[in-house]
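> quick check, what structure comes out for this input:
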Amino acid sequence: MYAYIKGVIKMIFPTNVVIENQGIGYLIVTPNPYVYRLEEETTIHIHHYLREDQDTLFGFSSIQARDLFIDLISVSGIGPKSALSILAVGKPTEIIFAIESQDVKYLTKFPGIGPKSAQQIILDLKGKLDKIEDTNEFMAQDEVKEALMALGYSQTEFKKIQKHLDQSLTTEQMIKQALQLLMK
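Have a look, this model is predicted:
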């Protein structure tokens, strides 16, 4: 069983990436391969999906996203393709919040998820997902990360300053603080 693979992104395709580790290129299916950059060293959290007719590595930028993927594919009628489409469009914290608050409308905005599937996700997962320490804290950090990446900074640069961010600040203040830390 794999937990993660740390290596250098060598190829990016519409549905997957190739990460090289110790001379081996691992083909990893990911919800949004374009969050990775070529030749950037990164860590991808892995779920090894093994079935009679399929042997696939699914990769995620966070443990939370990987764990949510595993929870989603445990729902009757939700396969890896549907779970990936949910994670490609939504943030894990928002998806968990929607499940916990029984927000069918939010869940049906994802490709391939109709009202029945949304109800099944809520029925199977409500109250069973690991509670997030502070949903707002994670959502703010995601927004800071996205803002920095839009400005051309890498995930690696964000990870270096992430632990120094003051969680009591608003998202805008955290972005300013992040930029100041990156300028040092």
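> which strands or helices does the lengthiest strand in the chain pack on?
In the chain, with assignment by DSSP state E, the single longest strand is strand 41-51. When contacts are defined as 3 or more CB pairs under 8 Å, 6 or more residues apart in numbering; DSSP states H and E, strand 41-51 sits against strand 4-12, strand 16-21, strand 54-60, helix 63-73, helix 155-162. Yep, even glycine has a C-beta here, placed from its N, CA and C like the rest.
> got a markdown table for those, with distance to K176 too?
Listed next are the helices and strands packed on strand 41-51 as a markdown table, based on distance: least, CB to CB, whole Å:
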| stretch | distance to K176 |
| --- | --- |
| strand 4-12 | 29 |
| strand 16-21 | 32 |
| strand 54-60 | 29 |
| helix 63-73 | 25 |
| helix 155-162 | 12 |
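> so how far is I96 from the residue positioned nearest the centre of the chain?
Centroid-nearest residue in the chain: A65, 4.0 Å away (criterion: CA atoms, centre = their mean). Using CB to CB, to the nearest Å, one gets 11 Å for the distance from A65 to I96.
> what about G7, how many residues nearby?
G7 has 19 neighbours, counted by other CB atoms under 10 Å.
> same check, this time on P115
Neighbour number of P115 under other CB under 10 Å is 11.
> would you confirm that it contacts V104?
Yes: using CB atoms under 8 Å, P115 is in contact with V104, at 6.1 Å.
> just the buried residues of the helix or strand encompassing Y106, please?
Counting by DSSP states H and E, the element that carries Y106 is helix 104-107. Within helix 104-107, the residues that count as buried by 16 or more other CB atoms under 10 Å are 104, 106-107.
> what angle do whatever helix or strand comes next after it and helix 63-73 make?
Beyond helix 104-107 in the direction of the C-terminus, DSSP H and E gives the next helix or strand as helix 115-125. Relative orientation of helix 115-125 versus helix 63-73 (axes from the mean of the first three to the mean of the last three CA atoms, to 10 degrees): 110 degrees.
> pop the domain breakdown of this protein in here.
Domain ranges of the chain: 1-61, 64-131, 135-183, per automatic domain parsing.
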